[in-house]
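Peer 1: Based on what follows, work out the 3D shape:
(one chain, ligands or ions: 1)
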Amino acid sequence: MQIDLSVQNVTRKFGEFTAVDNVSFTVEDGRFFSILGPSGCGKTTLLRMIAGFLEPSSGRIMIRGNDMAGIAPNKRPVNLIFQHLALFPMMNVGDNVAFGLRRRGEKKDQTRRKVASILDRVDLPGFEKKKIDQLSGGQKQRVAIARCLVLEPAVLLLDEPLGALDLKLREQMKVELKKLQTQVGTTFVYITHDQSEALVMSDYVAVMNRGRFEQVDTPQNLYASPKTPFVARFVGDNNSWTGKVVSLKAQSAEIETVDGHHFHIHVQDEIAAGKQVTVFLRPEAMLIAPDAGLTDLNRFKVSVKSILFDGANSRLLVSPVNSEKEMLVALPQNRQFDYIQPKDTVEIGWDQHAGICFPAQEETI
Ligand code: ATP
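Peer 2: Below you'll find the model as predicted:
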């Protein structure tokens, strides 16, 4: 498989401050690769270095095997799409899409053919004469993408392109963008702070925190096997506890939480008795009595604070009796739990293999 983008030990400093800290990754041809992280973690700085608007302080960026050091943005085989699509409102769709080709001095006939063909591929056939302000938000998005793709970049860089859209359109565009990328087969590098965008669209996601990549993985692995506490918190919902290992037998650790609860969890080798730990459990790993999977080891009486109805993803917000600690419990999709009401007391628990446990000091948020 051809490597379209290779970022090697790239660091960017602004004075004393390190915005991007020794980041390395590769993206294969045709992949949808996302960089996911909170505001200020360094995503835009990294993207601007790939696009050529900013030079790395150290490290190397290769596109299709060519070192990009000192190469101007307009000479790189990449295009960048921003949140504000920067379409020319006075020009029609065809002229917007043809803009880059004309600047390159391509012949009229060829330009017309390429524009028609790319508009076909983004599902806007025959839209050449339409005005930009006659288009829906989703159509404008596709024109912006067509305008870049017509130049046949090795990599299309997208900087939170859905950020300015309303929620409904954003949900729709997530699916459309993924479909479009699969259809055209161009390599996408997409930055976002929205984990659901990254998980839905990407082949691989890099989770970024304070200038560093914490984990680069498939969406499925990020969710099922987070490698750091930051990833466990940032990707999907997770219940978390901090506490101490009070006893350990054959990798089954008894944890005493800071608020005095005791439970058991299966742990990895590096966890020893006496260690401070943080434990994470997904809402869907929590079981509600009379579930047959509930054991006597991990069983709590909790009071239901509210029922968060969301169709198939409905959940309970609960707190252990005499505690302020809140937990999310996914409601299984069968309807046997319909009887549960706010203020009820129910028993919940979890299988001790369902959680993930980290040494507490590893966390850097
Ligand atoms: P957002 O999602 O809010 O856009 P981001 O993850 O894209 O955030 P960056 O814009 O890359 O983050 O910024 C990373 C850090 O680098 C921030 O703390 C920012 O203040 C700092 N930074 C970015 N550009 C400069 C600059 N030109 N000079 C000094 N500091 C900068």
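Peer 1: State the distance from residue 228 to residue 283.
Peer 2: Between residue 228 and residue 283 the computed distance is 20 Å (CB to CB, to the nearest Å). The way it works is simple: take the backbone N, C-alpha and C, and place the C-beta from them, glycine included.
Peer 1: residues in the chain within reach of the ligand, list them.
Peer 2: Selection of the chain residues close to the ligand by CB under 6 Å from any ligand atom yields 14, 17, 19, 37, 39-45, 193.
Peer 1: Now render the residues you listed as JSON lines, adding secondary structure, neighbour count and pLDDT.
Peer 2: Below are these laid out as JSON lines (DSSP: H, G, I helix; E, B strand; the rest coil; neighbours: other CB atoms under 10 Å; pLDDT from 0 to 100):
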{"residue": "14", "secondary structure": "strand", "neighbour count": "11", "pLDDT": "97"}
{"residue": "17", "secondary structure": "strand", "neighbour count": "8", "pLDDT": "97"}
{"residue": "19", "secondary structure": "strand", "neighbour count": "20", "pLDDT": "98"}
{"residue": "37", "secondary structure": "coil", "neighbour count": "26", "pLDDT": "97"}
{"residue": "39", "secondary structure": "coil", "neighbour count": "7", "pLDDT": "94"}
{"residue": "40", "secondary structure": "coil", "neighbour count": "12", "pLDDT": "95"}
{"residue": "41", "secondary structure": "coil", "neighbour count": "24", "pLDDT": "97"}
{"residue": "42", "secondary structure": "coil", "neighbour count": "23", "pLDDT": "97"}
{"residue": "43", "secondary structure": "helix", "neighbour count": "25", "pLDDT": "97"}
{"residue": "44", "secondary structure": "helix", "neighbour count": "19", "pLDDT": "95"}
{"residue": "45", "secondary structure": "helix", "neighbour count": "19", "pLDDT": "97"}
{"residue": "193", "secondary structure": "coil", "neighbour count": "18", "pLDDT": "94"}
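Peer 1: pLDDT wise, what is the closest residue to residue 351 other than its chain neighbours at?
Peer 2: Spatial nearest neighbour of residue 351, excluding adjacent residues (CB to CB, 6 or more residues apart in numbering): residue 293 at 5.8 Å. In this model, residue 293 is scored at 79, pLDDT.
Peer 1: Against residue 185, how distant is residue 293?
Peer 2: Look at residue 293 and residue 185: by CB to CB, they are 43 Å apart.
Peer 1: Please apply the same query to residue 211.
Peer 2: Counting by CB to CB, the gap from residue 211 to residue 185 is 31 Å.
Peer 1: neighbour-wise, which of those two wins?
Peer 2: With neighbours defined as other CB atoms under 10 Å, residue 211 and residue 185 compare such that residue 211 has more, 22 against 10.
Peer 1: how about the more buried one, what does it touch?
Peer 2: By CB atoms under 8 Å, 6 or more residues apart in numbering, the residues touching residue 211 are 18-21, 23, 41-42.
Peer 1: Closest one of those to residue 253?
Peer 2: Distances from residue 253 to the contacts of residue 211, taken as CB to CB, are shortest for residue 41 (31.7 Å).
Peer 1: Pretty sure the closest one sits against residue 208.
Peer 2: Yes. Judged on CB atoms under 8 Å, residue 41 makes contact with residue 208 at a distance of 4.7 Å.
Peer 1: mind listing what's buried in the helix or strand where residue 27 lies?
Peer 2: Here residue 27 is covered by strand 17-28, with elements defined by DSSP states H and E. For strand 17-28, burial by neighbour count (16 or more other CB atoms under 10 Å) applies to 18-21, 23, 25-27.
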